[in-house]
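Engineer: got a predicted structure here, sequence first:
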Number of protein chains: 2
Amino acid sequence: MSILVSKRVITLCLLTGISFIFSARAADGTGVSPDVVKQAEAFRDAAMEGSRAYEWLEALTTEVGPRLAGSEQEARAREWAISSLTQMGFGQVRVEPFTISGWERGAESARVISPYPQPLAVTALGGSIATPKGGITGELRGFASLDALETLPNGVLKGEIVYVGHAMRSTQDGSHYGYFGRLRREGASIAAAKGAGALLIRSIGTDSHRMPHTGSMTYAEGVAKIPAAALSNPDADQLERMLTRENAISVALDLQPRFVGEVPSGNVIADIVGAEFPDEIVVIGGHLDSWDLGTGAIDDGAGVAITLEAARMILASGLRPKRTIRLILWGAEEVGLLGGKAYVERHQNSLTKHVIGTESDFGAGRIWKITSRVNDDALPLVNLIARLVEPLGIAPGSNTVASSGPDLTPMVESGMPSFRFVQDGRDYFDLHHTPDDTLDKVSAENLDQSVAAYVVFTWLSANSDLNDWGWQAD
Amino acid sequence: MSILVSKRVITLCLLTGISFIFSARAADGTGVSPDVVKQAEAFRDAAMEGSRAYEWLEALTTEVGPRLAGSEQEARAREWAISSLTQMGFGQVRVEPFTISGWERGAESARVISPYPQPLAVTALGGSIATPKGGITGELRGFASLDALETLPNGVLKGEIVYVGHAMRSTQDGSHYGYFGRLRREGASIAAAKGAGALLIRSIGTDSHRMPHTGSMTYAEGVAKIPAAALSNPDADQLERMLTRENAISVALDLQPRFVGEVPSGNVIADIVGAEFPDEIVVIGGHLDSWDLGTGAIDDGAGVAITLEAARMILASGLRPKRTIRLILWGAEEVGLLGGKAYVERHQNSLTKHVIGTESDFGAGRIWKITSRVNDDALPLVNLIARLVEPLGIAPGSNTVASSGPDLTPMVESGMPSFRFVQDGRDYFDLHHTPDDTLDKVSAENLDQSVAAYVVFTWLSANSDLNDWGWQAD
């Protein structure tokens, strides 16, 4: 294809010096023609001049609000998405439904009973069992870290309420979350194995507001299930000050979440069908569900709005990509990547037709880096994408990172190549999974920068001759 | 006095050049001897090197926590203060008790019912009546400001739930609070006169967190009492976005505060008795009570800690002031300056013996300005204080400001001269009256700067020959 268009390329190069670089590289394996590059640049520049991403984010967070997986509000989010996408002119807008085991927050409170009686700001971790009605009371046992708790022999605790802190810090790439987040994900069963009656953790978050951070947890097989909740960071500080003053601190904890049986969720899907290779798919998207405490503006309304807008710009241009661009607004991400898992199950026979995909799910900060894990054949195309987004303040990173965002994890685990735009996450864990995840925290300009990057990725990926970025299917 | 000590002054001036300025001015009406100035400088410098104010603040906010006026926790704060002051060596530590009409927060919630069902973060204003059990539901009527609501003829509303916004901004001197705060203080009766069934206000606050700001309100005579609550600023934004989209918004509000009858409060008082004029008093202090939502670190644990530490430093020096230094830790400030009023009632016969006084009650920011309202005789002393605190980044301001802090308002209204250190309040209304008013927001260094200023004021005022700063008693 690059040879066929070489005459045109030369003409274009005479007109625009910059195109020469790309056209020359096109011949070097990007599989992308210069008019495709020019169009990607035009999309990028239009996005930077002002996209409509903030408008979609405002609509979703205002008209739907919180969108807990499996809830009536997540269902309304799907309706909102179907209605919005249809109105924008997408065809084939559909839901791929699945069901999940539902969990709902109930009343929740905690307080120090003695020696310093006062309330504590607390929230149940997602998936926690309830305390008995009326709550439980116990002596507090404090640990500086999960490591410190783990050094205890099993069974030595006698039903105490265990508090565990940690040293998570704000980082640009968010990498502390994976490490310190284990306390939230696995802490309850580790504490239970030691004999604890309940677990209170320092929020997996980097702010200093009275807003505990929720998030999913699971129970290990063969270990007693105990209730688990997060304290806000100021409340964790407060308990730690008390623990340095007194040995005997008595705490009450009352959590009344409910398991509500099988409830509906679903992935909302809209395609821009490819003109040449309609069965080859480039996936972008974000997840529609959020935690219940905020309105899910940064997690992940932003990702929904960014990728929806990138797809909408392409659709509105009237240009048809060679292969299919698939926008997936995932359901039930927060409670175990259930939308991603349902998708893989349903599309098992066509997984390798998903040439490449990426999800926006790290807030509303500016993208600063690209990571990928692709084969050598795809590197020229990754490099071309990187060159086109470099003016946005984005630089290429490692090609050894197997991640395209959480909902594509099941696909990546099946062998899919990876591509990811890494956003600046320094304030992400200030807001993540708290009531404070609301629209006022988002800058429209930052969203535009992300849209510009996603539209470049999407347009080039969907129009390159390259159709194997390095699938490692069995 | 300044003439009598002139020989010693000269000697000192030979030793320390800087003292010459002050001693020269002392002869010009400060009534302060150079050794008093030197000692004030020594106190100041010791405070800046590290005072114990943060330690007291940590103890109060950790060991007592929230301290709602009239509550068991406010009583514990008095016990804490008495025990702490006694342990520090203050004699004559006592409570001057009084009773107040008690009010307690209960369960509270609000939500949009239609067309965009979702919860709202809300808190009852202090002194609000309850809604009926189970709450009320009504159509929302939005107003951009109290002015906009006031233009409505009386009685035209039909039980709607009125929402009122405002344009309060962060300011260094906090002056927007007085103006925009009228919405909180008087809004309910203004809305009721129009026929409203309940009032929801945008929080009188400058942050963007899901933390509604409480604070006191009163009902006007002869107008129906309606429930009143504040929305967090992000929730107010959310309602305003809904109001631009839809005419008919249905909202539910459930507030269950209780009036609990006459309950105890009190002012905690400790004196450093004057060696020469024990019945002449210089007052410093802060208020012990706080709102119930936070631990009252900035409002007004900081003021308690700053002034307590200034007094403690003087006490610990073993030096006796000429007149009495009175530390008053006021009770029930938040619910109507009730401690200040009780004090004036009790000390009616000796009010004019209170030579000067000032309260620290504007958070934990750095002091940047002095305001006062004193007579010409006292200006040299005010100027001397100003010169001694200038190295702390503090400059003299207007001598027309009749304010010595809220709890001295009843005294100032009785004719007391005024002196105030104005703190930087740019973040004060981010935290004020919210759950977020906690210790982590306070810098020990900032407290030290305030202690340095207060100890200068206190030592000079208590040792100057000047005993009338401009009382305007009838």
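Structural biologist: Good, I have the coordinates.
Engineer: worst-scoring helix or strand of chain A, pLDDT-wise?
Structural biologist: Here the helix or strand of chain A ranked lowest by mean pLDDT, DSSP states H and E is helix A:6-15, holding a mean of 38.
Engineer: can you check the pLDDT for the residue positioned nearest the centre of chain A?
Structural biologist: Among the residues of chain A, the one closest to the centroid is A:D361, at 3.0 Å (Cα atoms, centre = their mean). In the predicted model, A:D361 carries a pLDDT score of 98.
Engineer: what's the answer for A:L392, then?
Structural biologist: According to the predicted model, the pLDDT of A:L392 comes to 98.
Engineer: so who does it touch?
Structural biologist: Residues touching A:L392, when contacts are defined by Cβ atoms under 8 Å, 6 or more residues apart in numbering or on different chains, comprise A:44, A:48, A:366-367, A:449, A:452-453. (Each C-beta comes from the backbone N, C-alpha and C, glycine too.)
Engineer: so A:S317 touches A:A40, yeah?
Structural biologist: No. Look at A:S317 against A:A40 with Cβ atoms under 8 Å: they stay out of range, at 11.1 Å.
Engineer: tell me which residues in stretch A:385-396 are buried?
Structural biologist: By neighbour count, and taking 16 or more other Cβ atoms under 10 Å in any protein chain shown as the criterion, the buried residues in stretch A:385-396 are A:385-389, A:392, A:394, A:396.
Engineer: spell out which parts of the stretch 151-300 of chain A neighbour chain B.
Structural biologist: Counting by Cβ under 8 Å from any Cβ of the partner chain, the positions of the stretch 151-300 of chain A adjacent to chain B are A:208-211, A:233-234, A:237-238, A:241-242, A:245, A:294-295.
Engineer: cool, and the stretch 301-450 of chain A?
Structural biologist: Of all the residues in the stretch 301-450 of chain A, those lying near chain B are A:434-436, A:438-441, going by Cβ under 8 Å from any Cβ.
Engineer: can you tell me which of these are buried?
Structural biologist: The buried subset of those (16+ other Cβ under 10 Å) comprises A:434-436, A:438-439, A:441.
Engineer: for the stretch 151-300 of chain A, which spans come out with low pLDDT?
Structural biologist: Nowhere does the stretch 151-300 of chain A drop to pLDDT under 70.
Engineer: mind listing the strands for it?
Structural biologist: Listed in chain order, the strands of the stretch 151-300 of chain A (DSSP state E, counting those that start in this stretch) span residues A:161-164, A:198-202, A:228-231, A:250-255, A:258-272, A:277-287.
Engineer: and the angle from the longest one to strand A:277-287?
Structural biologist: So the one you mean is strand A:258-272. Between strand A:258-272 and strand A:277-287, the angle comes out at 140 degrees (axes from the mean of the first three to the mean of the last three Cα atoms, to 10 degrees).
Engineer: can I get strand A:258-272 as CSV, trimmed to CA atoms?
Structural biologist: Provided in CSV are the C-alpha atoms of strand A:258-272 (Å, rounded to 0.1, in the frame of the first residue of the first chain):
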residue,chain,number,x,y,z
ARG,A,258,-26.2,-6.5,51.7
PHE,A,259,-25.6,-9.2,49.1
VAL,A,260,-28.6,-8.8,46.7
GLY,A,261,-28.2,-11.9,44.5
GLU,A,262,-27.8,-12.0,40.7
VAL,A,263,-28.3,-8.6,39.2
PRO,A,264,-27.9,-7.3,35.6
SER,A,265,-24.9,-5.6,34.2
GLY,A,266,-23.6,-5.3,30.7
ASN,A,267,-21.1,-3.8,28.2
VAL,A,268,-22.4,-1.1,25.9
ILE,A,269,-20.8,-1.5,22.4
ALA,A,270,-20.8,0.8,19.4
ASP,A,271,-18.9,0.1,16.2
ILE,A,272,-17.7,2.2,13.3
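Engineer: now A:L379: which helix or strand?
Structural biologist: Assigned by DSSP states H and E, A:L379 belongs to helix A:379-389.
Engineer: right, and the helix or strand after that helix?
Structural biologist: Scanning the chain past helix A:379-389 towards its C-terminal end, the next helix or strand to appear is strand A:395-396 (assignment: DSSP H and E).
Engineer: can you name the residues in contact with that following strand?
Structural biologist: The set of residues that contact strand A:395-396 without belonging to it, under Cβ under 8 Å, 6+ apart, is A:368-370, A:382-383, A:386.
Engineer: show me how chain A divides into domains.
Structural biologist: A:31-101+A:262-463, A:106-256 (automatic domain parsing).
Engineer: OK, contacts around A:G102?
Structural biologist: By Cβ under 8 Å, 6+ apart, A:G102 lies in contact with A:69-71, A:259-263.
Engineer: could you dump those to CSV with neighbour count and distance to B:V64?
Structural biologist: Output for the contacts of A:G102, formatted as CSV (neighbours: other Cβ atoms under 10 Å in any protein chain shown; distance: Cβ to Cβ, whole Å):
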residue, neighbour count, distance to B:V64
A:A69, 28, 41
A:G70, 24, 42
A:S71, 21, 40
A:F259, 11, 39
A:V260, 12, 40
A:G261, 10, 45
A:E262, 9, 48
A:V263, 19, 44
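Engineer: just put the residues you listed in JSON lines and tack on distance to A:V304.
Structural biologist: Written out in JSON lines, the entries for these read as follows (distance: Cβ to Cβ, whole Å):
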{"residue": "A:A69", "distance to A:V304": "14"}
{"residue": "A:G70", "distance to A:V304": "18"}
{"residue": "A:S71", "distance to A:V304": "17"}
{"residue": "A:F259", "distance to A:V304": "27"}
{"residue": "A:V260", "distance to A:V304": "25"}
{"residue": "A:G261", "distance to A:V304": "27"}
{"residue": "A:E262", "distance to A:V304": "25"}
{"residue": "A:V263", "distance to A:V304": "21"}
